[in-house]
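[1] Have a look at this prediction, sequence included:
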Amino acid sequence: MYDPLVDNSPGVGLAYPTSYWADVSGADRDQNPEDDGQLEHDIDIDVAIVGAGYTGLSCALHLARDHGIKAHVFEANQTAWGCSGRNAGFILKSSGRKSYATMQKYWGKEVMRGIYDEMCAGVDLVNSLISEGIDCDQQTPGFIKVAHKPSMFKSLQAQAKLQQQMFGYDVQVLSKRTLHQNYMADENAHGAIRYQDGFGLNPLKLAWGYQEIARQAGVQVHTSTPVSFVEKQVGKGVLLATPNASIKAKKVVIATNGYTPKGFHPIVTNRTLPVLSQIIVTEALTDEQISACNFLTENVVMDTRALKYYYRKLPDNRILFGGRGAITGKGANDPYYAQRLLSVLKTSFPALQNLKYDYAWSGWICMALDDLPHIYQGEKGSEDENIFYAMGYCGSGVSFSAQAGKRLAEKVAGKLVPNLPLYSKALPKFPFAPLRRVGQWGYFHYGKIKDNYF
């Protein structure tokens with residue numbers, strides 16, 4: 001599997017990976033939306049956006065709609081070939097891995113609330129775009145965060161109280177009995193809190209919908225068109241190379257997140273850690289199996305582990321179940337990781353001992369050293385002044401990436417954005433960057449010990 005810490009290219013024109021999303025969306029039956037194909041001739045443009053995922057498509061759409069700037073989007077393979085088409089499809093008001101309490105401690109109440117407002121705006125923006133006619137199999141609202149052991153239920157109750165005080169957030173506290181009776185009888189869940197506004201959807205269809213809306217606004221989307229930087233500056237522009245043509249752009253947006261190739265551009269080198277997330281989708285549950293598990297809800301579910309598991313019941317009564325995957329791309333297709341997820345699922349629902357999975361795949365999420373996403377422009381007056389990026393969603397980018405794209409568009413257009421760490425600071429570099437995978441391995445082992453014994 002493509003590994004962004006090892007490989008200099010994600011490929012050219014590769015098909016979608018085998019997944020539940022690709023299957024039900026019809027990607028293997030040529031039902032993906034129309035695009036502008038591979039770039040075949042040299043062009044001189046205002047804005048080149050690298051990456052046709054949520055961030056790049058949102059940026060292009062808002063450049064066109066809000067600022068009258070027609071951007072061109074360039075994708076090495078297919079629209080949403082990376083994380084945008086492989087994730088679990090959870091829409092959450094999440095800020096990455098840094099808690100709001102920690103933000104308040106670092107930056108004060110005003111900044112913390114500003115970041116919270118941006119995350120809320122991300123969910124609102126996704127809902128607004130969906131309302132324009134995107135059919136993405138949206139499910140009933142609700143996000144359940146379950147305590148994976150009794151001691152964590154107290155922590156969840158404290159978290160609910162804090163968020164009610166901070167934001168007036170409507171958070172329900174669910175005892176183990178209430179959870180089992182009214183939602184699902186997860187034997188690994190010892191109580192939970194429930195938010196009213198998270199939900200699940202088909203992430204690939206969502207990205208395809210973004211593309212259709214963007215193209216209607218005049219955006220061109222070129223697939224099978226990988227891009228590389230030839231020179232950092234040509235006059236006031238940036239020169240890019242593709243397999244069959246060259247691009248001269250006044251400004252360039254890097255929207256490749258966890259799929260950014262090794263050595264792509266110095267502005268992002270050693271500033272992210274791509275981490276594999278593994279997902280399985282089971283065969284459809286029978287009515288008897290659903291009843292035995294009392295699996296009444298289609299809310300999205302996540303636990304309190306350091307190495308989190310997450311799941312949801314899909315519209316066709318399959319269960320999507322996810323967690324961490326291999327450390328390297330070379331190990332991504334080892335069936336051990338899918339089997340491990342299935343085994344954990346069966347400990348949550350013992351009545352499903354004979355259940356099998358029909359789909360298994362993995363994808364790269366993008367971790368930041370400070371556990372926050374960053375939307376950034378190269379320093380004014382530097383050779384990178386015309387380079388922009390949005391990266392480091394830390395596994396919570398499905399909703400916020402739309403807002404990140406909107407803020408990117410404002411930066412590209414020279415508009416002011418909120419004065420928040422998300423928008424004013426570059427991604428911090430990882431110390432001892434060549435050893436990032438060693439650190440990841442160490443964290444995984446620490447997480448296993450913490451989840452089991454502390």
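    Nice, I can see it. Computed from a predicted structure; not experimentally measured.
[2] give me the low-pLDDT residue ranges for the protein?
    Applying pLDDT under 70 to the chain flags the ranges 231-235.
[3] how does it divide into domains?
    Domain assignment for the chain, taken from automatic domain parsing, gives 20-88+204-272+369-440, 143-196.
[4] Of all the ones you listed, which one is nearest residue 278?
    Of all the domains of the chain, domain 20-88+204-272+369-440 sits nearest to residue 278, with 10.3 Å by C-beta to C-beta. The way it works is simple: take the backbone N, C-alpha and C, and place the C-beta from them, glycine included.
[5] measure the closest one end to end?
    By C-alpha to C-alpha, to the nearest Å, the extent of domain 20-88+204-272+369-440 from end to end equals 28 Å.
[6] And for stretch 176-193?
    For stretch 176-193, the end-to-end distance is 10 Å (C-alpha to C-alpha).
[7] how distant is that stretch from the center of its chain?
    Between the centre of stretch 176-193 and the centre of its host chain there is 27 Å, according to C-alpha atoms, centre = their mean, to the nearest Å.
[8] residue boundaries of the strands in the stretch 101-250 of the chain?
    For the stretch 101-250 of the chain, the strands defined by DSSP state E, counting those that start in this stretch cover 143-146, 171-174, 192-195, 199-200, 220-222, 228-234, 237-241, 246-254.
[9] Quick one: the ones you listed as a markdown table, columns for mean neighbour count and distance to residue 117 too.
    Output for those, formatted as a markdown table (neighbours: other C-beta atoms under 10 Å; distance: least, C-beta to C-beta, whole Å):
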| stretch | mean neighbour count | distance to residue 117 |
| --- | --- | --- |
| strand 143-146 | 25 | 19 |
| strand 171-174 | 18 | 18 |
| strand 192-195 | 24 | 16 |
| strand 199-200 | 26 | 20 |
| strand 220-222 | 22 | 30 |
| strand 228-234 | 14 | 35 |
| strand 237-241 | 19 | 33 |
| strand 246-254 | 22 | 24 |
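[10] is it possible to export these to CSV including distance to residue 97?
    Converted to CSV, these look like this (distance: least, C-beta to C-beta, whole Å):
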stretch, distance to residue 97
strand 143-146, 14
strand 171-174, 19
strand 192-195, 17
strand 199-200, 21
strand 220-222, 31
strand 228-234, 30
strand 237-241, 32
strand 246-254, 22
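[11] if we compare those, which one ends up closest to residue 363?
    Closest approach to residue 363 among the strands of the stretch 101-250 of the chain (C-beta to C-beta): strand 199-200, 16.6 Å.
[12] Can you list the strands that that closest one pairs with?
    Applying DSSP bridges, strand 199-200 is found paired with strand 90-91 (antiparallel).
[13] is it true that residue 323 lies in a strand?
    Yes: according to DSSP: H, G, I helix; E, B strand; the rest coil, the state of residue 323 is that of a strand.
[14] Wait, it touches residue 275, no?
    No: assessed by C-beta atoms under 8 Å, residue 323 is found out of contact with residue 275, at 11.4 Å.
[15] Straight-line length of stretch 238-257, end to end?
    With C-alpha to C-alpha as the measure, stretch 238-257 spans 20 Å from end to end.
[16] How far does that stretch sit from its chain's centre?
    In this view, stretch 238-257 has its centroid 23 Å away from the chain centroid, taken as C-alpha atoms, centre = their mean.
[17] repeat for stretch 311-325
    On C-alpha atoms, centre = their mean, the centre of stretch 311-325 falls 16 Å from the chain's centre.
[18] Repeat that for stretch 222-229.
    So, by C-alpha atoms, centre = their mean, the centroid of stretch 222-229 is 21 Å from its chain's centroid.
[19] what's the answer for stretch 335-354, then?
    Mean-position distance between stretch 335-354 and its chain equals 24 Å (C-alpha atoms, centre = their mean).
[20] can you pull the contacts of residue 89?
    Going by C-beta atoms under 8 Å, 6 or more residues apart in numbering, residue 89 touches 21, 200-203, 206, 312, 320, 398.
[21] I meant to write residue 226 there.
    Counting by C-beta under 8 Å, 6+ apart, residue 226 has contacts 9-12, 74, 76, 242-243.
[22] Make JSON lines out of these and add neighbour count, secondary structure and distance to residue 25.
    Converted to JSON lines, the contacts of residue 226 look like this (neighbours: other C-beta atoms under 10 Å; DSSP: H, G, I helix; E, B strand; the rest coil; distance: C-beta to C-beta, whole Å):
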{"residue": "9", "neighbour count": "12", "secondary structure": "coil", "distance to residue 25": "25"}
{"residue": "10", "neighbour count": "21", "secondary structure": "coil", "distance to residue 25": "20"}
{"residue": "11", "neighbour count": "14", "secondary structure": "coil", "distance to residue 25": "20"}
{"residue": "12", "neighbour count": "14", "secondary structure": "coil", "distance to residue 25": "22"}
{"residue": "74", "neighbour count": "28", "secondary structure": "strand", "distance to residue 25": "22"}
{"residue": "76", "neighbour count": "26", "secondary structure": "coil", "distance to residue 25": "20"}
{"residue": "242", "neighbour count": "21", "secondary structure": "coil", "distance to residue 25": "27"}
{"residue": "243", "neighbour count": "15", "secondary structure": "coil", "distance to residue 25": "27"}
